[in-house]
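S.K.: here are the coordinates; sequence isn't available:
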């Protein structure tokens, strides 16, 4: 299924790629990418000759009905592994274990250090858990990847994707073997993650924001709620003023003398 999906994507969208020579022909590696769109996990594997395994939430594999079965088959076909995200810490540990298993099989493991899609196209601070811990536990090289314009293909609220050419830039492998076995040191984890994010920033050209994308999403949601609340209050105030004006006008029509006390 991977090849049929990949072939269809390449034919329809014709993604351009730079740096394919940085993907090893064999052996394990971690592909660390920015995350702009739901489609990132499909476009990157589509342009590679090797299988890339990403982590996906378990709900994609367990939904009931015909649609659920088709969705599960699709995600399995493009090489994604289910992870139960019902508990934050448990989800992180499960993702790390899955990543290590993939690397130990000598395969390519794909991960998004930001932890979630960018809410506004900017690059956010990488989380120091999954990426760095898998890299330091296995000694596998980390290859930075930048997805370009994938968020423009199907923006939020759009059902039909826009036919345009997204891009993929693949950087040179980063070697963190000097830190091998130090995956319990939070300062090392932070340093490794920041180094990878810096390389992704250079490849993507995105503006970097030194907060987590999850925090940015909360800020945006809070701002939208505040704006909606303010708009609702403004409309209520205008309605009250209109009602008051209408009442005054009715009074004047009913009692002209009351409206002109100078007469």
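M.R.: Received the coordinates, thanks. Keep in mind that what you see is a predicted model, and the values were worked out from it rather than measured.
S.K.: Tally up the residues packed near residue 162, please.
M.R.: 10 (other CB atoms under 10 Å). C-beta coordinates here come from the backbone N, C-alpha and C atoms, glycine included.
S.K.: ok, and the closest non-adjacent residue to it?
M.R.: Excluding the flanking residues, the one nearest residue 162 by CB to CB, 6 or more residues apart in numbering is residue 153, at 5.4 Å.
S.K.: Now for that neighbour, how many residues are close by?
M.R.: Counted with other CB under 10 Å, residue 153 comes out at 20.
S.K.: Quick check: it vs residue 184, distance?
M.R.: Counting by CB to CB, to the nearest Å, the separation of residue 153 from residue 184 is 40 Å.
S.K.: Over to residue 213?
M.R.: Distance of residue 213 to residue 184, computed by CB to CB: 25 Å.
S.K.: And those two? Which one has more around it.
M.R.: A side-by-side neighbour count of residue 213 and residue 184, using other CB under 10 Å, places residue 213 first with 24 against 10.
S.K.: and the spatially closest residue to that one that is not a sequence neighbour, how many residues sit next to it?
M.R.: Using CB to CB, 6+ apart and skipping the chain neighbours, the partner closest in space to residue 213 is residue 124 (3.9 Å). By other CB under 10 Å, the residues close to residue 124 number 28.
S.K.: now the one 4 residues further on
M.R.: Neighbourhood size, residue 128 [other CB under 10 Å]: 18.
S.K.: how many other residues sit next to the residue nearest to it when sequence neighbours are not counted?
M.R.: Nearest residue to residue 128, sequence neighbours excluded (CB to CB, 6+ apart): residue 189, at 4.1 Å. Each residue near residue 189 was counted by other CB under 10 Å, and the total is 22.
S.K.: List the residues that contact residue 189.
M.R.: Residues in contact with residue 189 (CB atoms under 8 Å, 6 or more residues apart in numbering) are 128-129, 132-133, 136, 183.
S.K.: What of residue 121?
M.R.: Residue 121 sits next to 36, 151, 206 when contact means CB under 8 Å, 6+ apart.
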